[in-house]
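**Student:** Need a 3D model of the sequence below.
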Amino acid sequence: MAAIGRFNTLQIVKHTGFGLYLDGGPDGEILLPNRYIPKDQPTEVDDWLNVFIYLDSEDKLIATTETPKVQVGEFASLKVAEINRVGLFLDWGLPKDVLLPHSEEKRPLKEGDYCVVYLYLDRHTRRITATAYLDRYLDKLPVRYNPGDEVDLLIVSPTDLGYKAIINHSHWGLIHKNEVFKFLRSGMREKGYIKEIRADGKISLSLQPVGSGAGDQLQQQILEQLDARQGVLALSDKSPPEAITKAFGVSKGSFKKAIGGLLKQGLIVIHPDRIERSQR
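**Tutor:** Below is the predicted model of the structure:
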């Protein structure tokens, strides 16, 4: 059976004038229209293609080689394209918008707004459906992350403490305000790092590497910037925090610690208005 709302690797069973038919198992043959047939790979009978399966405007299974912004079982920020009595229709990158029923709308939205949603299959209609009620689809089981692990983040909303984010499409985490050194908004995708897993199971996040390797990575970035600028960088331990954050996305404290380490290694010289590569 083809997984609706997901990518599937299916075998070509026949050619027609309007596209290829793929073997959908119990779901029968699934059409891949001509406009989606790839030009850079074999498409003969018995060849296999990686395609996305969804329902067309007539609720028939159809295949595409286009990539949607989100698959079933994932979270994403999508734009409201249209609203009617049935619900809100969200642009997810395919010709047929995905439905967010009014009953799954958590706050009032208008056309042009963005909303973080989760995609699921309606068990009765098999239609791909969106919901803004995220908690019910996040994993409640104990986490298996370790401090320092690199993770994918979807920024969801600001709070009094910082920014809530979804980790790897599965868990809530929080980026505390003192870890935010760049502009963030709902819907942004960021690379992040596990900072701490608290006794109550809540997860603290960082946008910078944490642990012993974090300083080494920042030092390497500083040296690369120096090399790209003929050995001179117009930042120092006297520079405004905003300038440091703009250049490296880190706090002034982290920057000062990194250049202090480079100074001890004899790799740089620190001036009030700049740092330079050591000549020795």
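**Student:** quick one: contacts for the most centrally placed residue in the chain?
**Tutor:** Taking CA atoms, centre = their mean, the centroid of the chain lies closest to residue 189, which sits 3.9 Å from it. Each residue near residue 189 by CB atoms under 8 Å, 6 or more residues apart in numbering is listed here: 152-155. The C-beta positions use only the backbone N, C-alpha and C, and glycine is treated the same way.
**Student:** mind putting these in a markdown table, distance to residue 71, pLDDT and neighbour count included?
**Tutor:** Below are the contacts of residue 189 laid out as a markdown table (distance: CB to CB, whole Å; pLDDT from 0 to 100; neighbours: other CB atoms under 10 Å):
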| residue | distance to residue 71 | pLDDT | neighbour count |
| --- | --- | --- | --- |
| 152 | 14 | 96 | 13 |
| 153 | 18 | 97 | 21 |
| 154 | 14 | 98 | 23 |
| 155 | 19 | 97 | 20 |
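**Student:** Where does residue 52 sit: helix, strand or coil?
**Tutor:** Classification of residue 52 by DSSP: H, G, I helix; E, B strand; the rest coil places it in strand.
**Student:** pLDDT value on it, please?
**Tutor:** What the model reports as pLDDT for residue 52 is 98.
**Student:** Write down the beta-bridge partners of it, one by one.
**Tutor:** residue 7, residue 64 (DSSP bridges).
**Student:** show me the residues around it that make contact.
**Tutor:** Contacts of residue 52 (CB under 8 Å, 6+ apart): 6-8, 63-68, 71, 94.
**Student:** Generate a PyMOL selection restricted to the buried subset of those residues.
**Tutor:** Only the buried members of those enter the following PyMOL selection, criterion being 16 or more other CB atoms under 10 Å:
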select buried, resi 6+7+8+63+64+65+68+71+94
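**Student:** which one of the contacts of residue 52 is nearest residue 218?
**Tutor:** residue 67 (33.8 Å; CB to CB).
**Student:** would that closest one count as being in a strand?
**Tutor:** No: the assignment for residue 67, made by three-state DSSP, is coil rather than a strand.
**Student:** close enough to count as contact, it and residue 93?
**Tutor:** Yes: Residue 67 lies in contact with residue 93 (CB atoms under 8 Å); the separation is 7.0 Å.
**Student:** quick one: buried residues of stretch 191-206?
**Tutor:** Of the residues in stretch 191-206, 192-195, 197, 203-206 count as buried by neighbour count, 16+ other CB under 10 Å.
**Student:** Dihedrals phi and psi, residue 228?
**Tutor:** phi -80, psi -10 (degrees, to the nearest 10).
**Student:** same question, the one 3 residues further on
**Tutor:** Geometry field for residue 231 lists phi and psi as phi 80, psi 10, criterion degrees, to the nearest 10.
**Student:** tell me the helices in the chain, going along the chain?
**Tutor:** 212-228, 241-248, 252-264 (DSSP state H).
**Student:** tell me the most buried of those helices?
**Tutor:** Mean neighbour count (mean count of other CB atoms under 10 Å) peaks for helix 252-264 among those, with a mean of 17.
**Student:** tell me which strands and helices it is in contact with?
**Tutor:** helix 212-228, helix 241-248, strand 268-270 (3 or more CB pairs under 8 Å, 6 or more residues apart in numbering; DSSP states H and E).
**Student:** now the ones you listed as CSV including distance to residue 86?
**Tutor:** CSV is the format used below for these (distance: least, CB to CB, whole Å):
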stretch, distance to residue 86
helix 212-228, 49
helix 241-248, 45
strand 268-270, 62
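**Student:** between the ones you listed, which gets nearest to residue 260?
**Tutor:** Closest among those, using CB to CB: strand 268-270, at 8.3 Å.
**Student:** and that closest one, which strands flank it?
**Tutor:** Strand 268-270 has these strand partners (DSSP bridges): strand 275-277 (antiparallel).
**Student:** show me where pLDDT drops low in the stretch 151-280 of the chain?
**Tutor:** Counting by pLDDT under 70, the ranges of the stretch 151-280 of the chain that qualify are 211-215, 280.
**Student:** re the thing from before, export the helices of the chain as JSON lines, with columns for distance to residue 30.
**Tutor:** Putting those into JSON lines (distance: least, CB to CB, whole Å) gives the following:
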{"stretch": "helix 212-228", "distance to residue 30": "46"}
{"stretch": "helix 241-248", "distance to residue 30": "49"}
{"stretch": "helix 252-264", "distance to residue 30": "52"}
